[in-house]
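Enquirer: coordinates only, sequence not included:
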């Protein structure tokens with residue numbers, strides 16, 4: 001479930017990732033792990 005804060009964090013992560021040249025798959029994997037941790 002996405003909140004406004006998470007949307008802003010997601011946008012910020014994407015922008016930062018583009019600058020850093022991080023692959024989208026790496027970001028997705030990170031977010032999946034983060035979500036799994038929050039679900040515990």
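Expert: Received, thanks. Given the structure is predicted, the values throughout are model-derived calculations rather than measurements. Residues are numbered from 1 along each chain as shown.
Enquirer: Could you pull out the helices in this protein for me?
Expert: Assigned by DSSP state H, the helices in the chain fall at 4-20, 24-39.
Enquirer: Can I get those in a markdown table including mean pLDDT and mean neighbour count?
Expert: C-beta coordinates here come from the backbone N, C-alpha and C atoms, glycine included. Formatted as a markdown table, those follow (pLDDT from 0 to 100; neighbours: other Cβ atoms under 10 Å):
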| stretch | mean pLDDT | mean neighbour count |
| --- | --- | --- |
| helix 4-20 | 80 | 11 |
| helix 24-39 | 83 | 10 |
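Enquirer: State the distance from residue 23 to residue 29.
Expert: Distance, residue 23 to residue 29, by Cβ to Cβ, to the nearest Å: 9 Å.
Enquirer: And residue 26, how close does it get to residue 5?
Expert: Residue 26 is 22 Å from residue 5, by Cβ to Cβ.
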